[in-house]
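Enquirer: got a structure for you, letters missing:
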């Protein structure tokens, strides 16, 4: 394509990024990433610039996939204490380049990509690690990731009960009223977590909101927040008494406060389970600590752009 780069907004991304198509692409990307050089993924740890004056951060996340011949950089901002504002705590843009010459092909809304690819990877981890009989889903948090995970999990699994807790009950009730299906609003995180089979923590908390003493043995936890080395969502008891899986060992051991501050050992990357080089110990209490990877954005952005190009060719 020549001329100015295309701009693909949130509606376009949402239209072309469906979980049925996205999940297999992300499974392959996770395998490629965990395969070292033979997987063809070039992905440095993201660069983070603190914006201390406003309690914010700017992250830059480049990646290149030789298998997909796709080159992108995601620029993401995330801010604490956004409860009084309509501006999302996380915002992002993905730049898609032509790998052969470096020209910019598209500027793509990155927020929807981030929300959906994160939920899709959590689905992948949960399929591998959840207990054989998983009837109760618990979500701690009520923001964008809570919504995307609810959408993906209720589409991909059959839970008999879904519970939600948020720091403010008003936000939890708004969440429950905004989604299809019955959601039980809980007054405390302990109430939400007790006897839950699958737990999602999607908060901006800097201190633990989930404690090991509350968690049912054999439950599976998808931990999405605490993306800074001094932030926590999970307490030491849970971290040290669970089998810990991650998307990327290198980044998780540097960026995740849950891992850094607890001293917990990473058992495996999800890509290693998918490859068959490490087992999924679903009979144990398991945690998937998701820090998010640029390669996930890369394959998602390429999928959106390819679908958009095909739609234009058909006009």
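Expert: Thanks, I have it. Every value quoted in this text rests on a predicted model; they were computed, and no experiment measured them. Residues are numbered from 1 along each chain as shown.

Enquirer: got the domain ranges for this protein?
Expert: 6-113+295-313, 118-293 (automatic domain parsing).

Enquirer: may I see those organised as CSV, with mean pLDDT and mean neighbour count added?
Expert: Placement of C-beta: from N, CA and C, glycine included. Converted to CSV, the domains of the chain look like this (pLDDT from 0 to 100; neighbours: other C-beta atoms under 10 Å):
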stretch, mean pLDDT, mean neighbour count
domain 6-113+295-313, 93, 17
domain 118-293, 95, 20
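
Enquirer: quick one, what contacts the residue nearest to residue 78 when sequence neighbours are not counted?
Expert: The spatially closest residue to residue 78, leaving aside those adjacent along the chain, is residue 90, at 4.7 Å (C-beta to C-beta, 6 or more residues apart in numbering). Contacts for residue 90 (C-beta atoms under 8 Å, 6 or more residues apart in numbering) come out as 76-78, 111, 114, 144.

Enquirer: ok, 7 Å please
Expert: 76, 78, 111, 114, 144 (C-beta atoms under 7 Å, 6 or more residues apart in numbering).

Enquirer: taking the residues you listed one by one, which sit in strands?
Expert: Per DSSP state E, strands hold the following members of these: 76, 78.

Enquirer: what ranges do the helices span in the chain?
Expert: With helices called from DSSP state H, the chain shows them at 10-16, 19-33, 110-129, 144-156, 169-178, 189-193, 236-240, 249-255, 257-262, 270-275, 294-313.

Enquirer: who are the packing partners of the second one?
Expert: In this case it means helix 19-33. Applying 3 or more C-beta pairs under 7 Å, 6 or more residues apart in numbering; DSSP states H and E, we find helix 19-33 packed against helix 110-129, helix 144-156, helix 270-275, helix 294-313.

Enquirer: wait, which of those helices is closest to residue 283?
Expert: helix 110-129 (10.0 Å; C-beta to C-beta).

Enquirer: mind checking how far that closest one is from the chain centre?
Expert: Offset of helix 110-129 from its chain centre (C-alpha atoms, centre = their mean, to the nearest Å): 5 Å.

Enquirer: that helix vs helix 144-156, what angle?
Expert: With axes from the mean of the first three to the mean of the last three C-alpha atoms, to 10 degrees defining the directions, helix 110-129 sits at 50 degrees from helix 144-156.

Enquirer: mind putting the helices of the chain into CSV with distance to residue 210?
Expert: Shown next, in CSV, are these (distance: least, C-beta to C-beta, whole Å):
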stretch, distance to residue 210
helix 10-16, 30
helix 19-33, 24
helix 110-129, 15
helix 144-156, 14
helix 169-178, 16
helix 189-193, 6
helix 236-240, 6
helix 249-255, 17
helix 257-262, 10
helix 270-275, 20
helix 294-313, 24
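
Enquirer: and of those, who's closest to residue 63?
Expert: The stretch from the helices of the chain with the least distance to residue 63 (C-beta to C-beta) is helix 294-313; that distance is 3.6 Å.

Enquirer: between helix 19-33 and that closest one, find me the angle.
Expert: Using the same axes, to 10 degrees: helix 294-313 against helix 19-33 is 140 degrees.

Enquirer: for helix 294-313, packing partners?
Expert: Counting contacts by 3+ C-beta pairs under 7 Å, 6+ apart, helix 294-313 packs against strand 6-8, helix 10-16, helix 19-33, strand 56-65, strand 70-79, strand 90-97, strand 104-109, helix 110-129.

Enquirer: identify the residues contacting residue 296.
Expert: Applying C-beta under 7 Å, 6+ apart, the residues near residue 296 are 26, 29, 117, 121.

Enquirer: one more: residue 106?
Expert: Residue 106 is in contact with 5-6, 8, 96, 305, counting by C-beta under 7 Å, 6+ apart.

Enquirer: residue 41: which of those is nearest?
Expert: For these, the nearest to residue 41 is residue 96 (16.3 Å; C-beta to C-beta).

Enquirer: enumerate every residue touching that closest one.
Expert: Residue 96 makes contact with 72, 105-106, 108, 301-302, 305, according to C-beta under 7 Å, 6+ apart.

Enquirer: one more pass at 8 Å, please.
Expert: If a contact means C-beta under 8 Å, 6+ apart, then residue 96 has 70-72, 104-108, 301-302, 305 as its contacts.
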